[in-house]
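**Q** Below is the sequence, then the predicted model.
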Amino acid sequence: MSAFGLTPPLAARLAARAGLVLPTERHAAVAAVADHIHGVVAVLRELDFAGVPPAAAYRAVEEKETHDAAL
Amino acid sequence: MRPCEMSLAAAADAIRTRRLSPVELVDSVLQRIEEAEPHLGAYVTVVAEQARRAAGEAEHDVAHGRYRGPLHGIPMALKDLIDVGRMATTASSRVRAGHRAAADSTVAARLTAAGAVLLGKTHTHEFAFGLTTPQTRNAVDAGRVAGGSSGGSAVAVASGTATFALGTDTGGSIRVPAALNGVVGLKPTYGLVPRHGVTSLSWSLDHVGPITRKVEDAGLVLTALAGHDPRDPASLPVPAVDYRPGAATDLSGLRVGVPRSYYFDHVHPQVEAAVRHAVAQLESLGARLVDVDIPMTRYIQATQWGLMVPEAGAYHEGSLRTVPELYQEDVRILLEASELMSAGDYLRAQRSRTLMRAEWARMLEEVDVIAAPSVPMPAAVVGQETVTWPDGTVESVSDAYVRLCAPANITGLPALTVPVGHDTAGLPIGMQLLGRPLGEPTLLRVGHAYEQTQPARALARTA
């Protein structure tokens, strides 16, 4: 059991829910790394964001762009 | 001095005044590649014949009065995340086998337009997702890491196998290898240099910038790279600027912030001593030193990871499902784990970034630049995974190298690393100068002023 309760089977289920099927032999390692990342980013919950918006920004008026993706 | 040892500015001046031919310069650098590259592993691909042809054309143009400017005829390398039309962009990964770029990236096109001569593509830590670049050896000590992820570019410039190079920087990937190999690296303001045609690690943290042997050289390259391109949604509509710093070394009136917190915590004592000595040198040039407190230090790593990890996972979502076995293990496991992060994690990091940008802007009202170490320790031994600090704290080598660089990625502020000495083992040490948004002219002025007070640096020669 990890610090945040992310067991290898739970990691595998969460990955599968995201559409990523993990081979059985990778469950434990992915759980450990995901748990470590969770421990690092969880500290952000301490912040009082009030009405602060995310920094992801865009300009409402853009020049014509080209994208490779097929829409 | 062989032409391959010349700084960009010196070589450009010699070409402009017809004391040096681009052919002589490119031949000298290609000769240096033959000597050193087998020991360094900086390059993925070298396009020697193409470079010789381009040098011949440059020589012809210069001889016939068609001199394009200071990059004309200068041999350079591109990190292999940067598209050049009809060449592979391998990202130093098996995932990209068979790749062919359809067109030049904006930065490659701008360097070509400026007359620069492409030597080849340099190694990156796979997809820029790491800090060591294991394919490449440190230019000063082959038993040490090159740093990353732009390790190939930094080693090429340090060793004389490129006169300048481009790197990318998402959490220090220009500044870390530049500092560890004793060269100059500039992470520009977010959006100043367009990223169209450059493989992304993390859209909201990625930057492209120059790695050079002198600060002045970085200004010359930035002048060619900067400018709006609507194909990069972060690109800033800024006017053309000549970033070449002036010759003056007087820093009277300049306020240099010296961090009381964060940047000198868990730092190797010889790194701290070299940086503080360099800061004292800035003071002797007329700068006024001002103590500053770095804001929100507890949240820097969380914010960096909260942005980078999900964005990298999103970029690789498709290939992680189709060819996961082609990734190196260290990258694959991070991409897999990224799939378990929540939208809440990502949004908290974005909101933290909003707060952090505001706090840094307030701090930068009090000073013109901040001077600090670029990285907390010199180049690690190859294979070393952790560092233990005197208080018993254990930190991974990668975390240590990102730690002092991440604030400039999160906030988008410009940051320049300048060599300021060596440790007792001869390993290079870098000082980081951070400035206000679009404050590159100030950073380059300060870095150039400092550099002029120091003895000239020779090429790194382990090979």
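**A** Yep, that arrived. A quick note: this is a predicted structure, and the numbers were derived from the prediction, not measured. Numbering: from 1, shown residues only, chains lettered A, B, ... in the order given.
**Q** Secondary structure class of the residue of the stretch 151-300 of chain B found nearest chain A, three-state.
**A** At 3.8 Å from chain A, B:Pro230 is the closest residue in the stretch 151-300 of chain B, using Cβ to the nearest Cβ. Where you see a C-beta, it was placed from the backbone N, CA and C, and this is true even at glycine. With DSSP: H, G, I helix; E, B strand; the rest coil as the basis, B:Pro230 sits in coil.
**Q** Against which helices or strands is the longest helix along chain A packed?
**A** The residue-count maximum for a helix in chain A (DSSP state H) belongs to helix A:27-41. Contacts defined by 3 or more Cβ pairs under 8 Å, 6 or more residues apart in numbering or on different chains; DSSP states H and E place helix A:27-41 against helix A:8-17, helix B:300-315, helix B:329-338, helix B:343-363.
**Q** Export these to CSV and append columns for mean neighbour count.
**A** As requested, the helices and strands packed on helix A:27-41 are arranged in CSV below (neighbours: other Cβ atoms under 10 Å in any protein chain shown):
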stretch, mean neighbour count
helix A:8-17, 17
helix B:300-315, 24
helix B:329-338, 20
helix B:343-363, 19
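**Q** Give me the nearest residue to the residue of chain A found nearest chain B, chain neighbours excluded.
**A** Per Cβ to the nearest Cβ, A:Pro54 is where chain A lies closest to chain B, at 3.2 Å. Leaving aside its chain neighbours, A:Pro54 sits nearest to B:Gln350 (3.2 Å; criterion: Cβ to Cβ, 6 or more residues apart in numbering or on different chains).
**Q** Same question for B:Gly185.
**A** B:Ala178 (2.9 Å).
**Q** likewise B:Ser28?
**A** B:Pro3 (3.8 Å).
**Q** Pretty sure B:Glu24 is one of the things the one you found touches, is it not?
**A** Yes: taking contacts as Cβ atoms under 8 Å, B:Pro3 lies within contact range of B:Glu24: 5.6 Å.
**Q** Which of those two has more residues huddled nearby?
**A** Higher neighbour count among B:Pro3 and B:Glu24: B:Pro3, with 23 against 18, using other Cβ atoms under 10 Å in any protein chain shown.
**Q** Identify the residues contacting the more buried one.
**A** By Cβ atoms under 8 Å, 6 or more residues apart in numbering or on different chains, the contact list for B:Pro3 reads B:11, B:20, B:24-25, B:28-29.
**Q** Got the confidence number for it?
**A** Looking at B:Pro3, its pLDDT reads 98.
**Q** gap between it and chain A?
**A** 40 Å (Cβ to the nearest Cβ, to the nearest Å).
**Q** One more: B:Gln31?
**A** With the distance defined as Cβ to the nearest Cβ, B:Gln31 ends up 39 Å from chain A.
**Q** Just the pLDDT at the closest residue to B:Arg353 other than its chain neighbours, thanks.
**A** The shortest distance from B:Arg353 to any non-neighbouring residue, by Cβ to Cβ, 6+ apart, is to A:Ala55 (3.9 Å). The per-residue pLDDT reported for A:Ala55 equals 88.
**Q** A:Ala55: what's it in contact with?
**A** By Cβ under 8 Å, 6+ apart, the neighbours of A:Ala55 are B:204, B:350-351, B:353-354, B:357.
**Q** B:Val387: which of these is nearest?
**A** Using Cβ to Cβ, B:Arg353 is the member of the contacts of A:Ala55 that lies nearest B:Val387, at 27.2 Å.
**Q** from memory that closest one sits against B:Asn409, does it?
**A** No: taking contacts as Cβ under 8 Å, B:Arg353 lies outside contact range of B:Asn409: 9.8 Å.
**Q** so what sits against both of those two?
**A** The overlap between the contact sets of B:Arg353 and B:Asn409 (Cβ under 8 Å, 6+ apart) is empty.
**Q** Where does the prediction get shaky in the chain?
**A** No chain specified, so I'll use chain A. Across chain A, the ranges flagged by pLDDT under 70 are A:1-4, A:57-71.
**Q** actually chain B
**A** Counting by pLDDT under 70, the ranges of chain B that qualify are B:462-463.
**Q** what about the residue in it positioned nearest to chain A, distance to B:Ala343?
**A** Per Cβ to the nearest Cβ, the residue of chain B with the smallest distance to chain A is B:Gln350, at 3.2 Å. Applying Cβ to Cβ, to the nearest Å, the value for B:Gln350 to B:Ala343 is 10 Å.
**Q** Check the burial of the residue lying closest to B:Ser21 once chain neighbours are set aside by counting its neighbours.
**A** Distances taken as Cβ to Cβ, 6+ apart put B:Glu59 closest to B:Ser21, at 4.9 Å, once the chain neighbours are dropped. Residues lying near B:Glu59 (other Cβ under 10 Å) number 21.
**Q** List the buried residues of the helix or strand harbouring B:Glu59.
**A** Per DSSP states H and E, B:Glu59 falls inside helix B:48-63. Neighbour counts using 16 or more other Cβ atoms under 10 Å in any protein chain shown place B:51-52, B:54-59, B:61-62 of helix B:48-63 among the buried residues.
**Q** And for stretch B:90-104?
**A** Across stretch B:90-104, burial judged by 16+ other Cβ under 10 Å covers B:90-93, B:95-96, B:101, B:104.
**Q** For these, which two are the farthest from each other?
**A** Farthest pair in those, by Cβ to Cβ: B:Val95 and B:Asp104, 21.8 Å.
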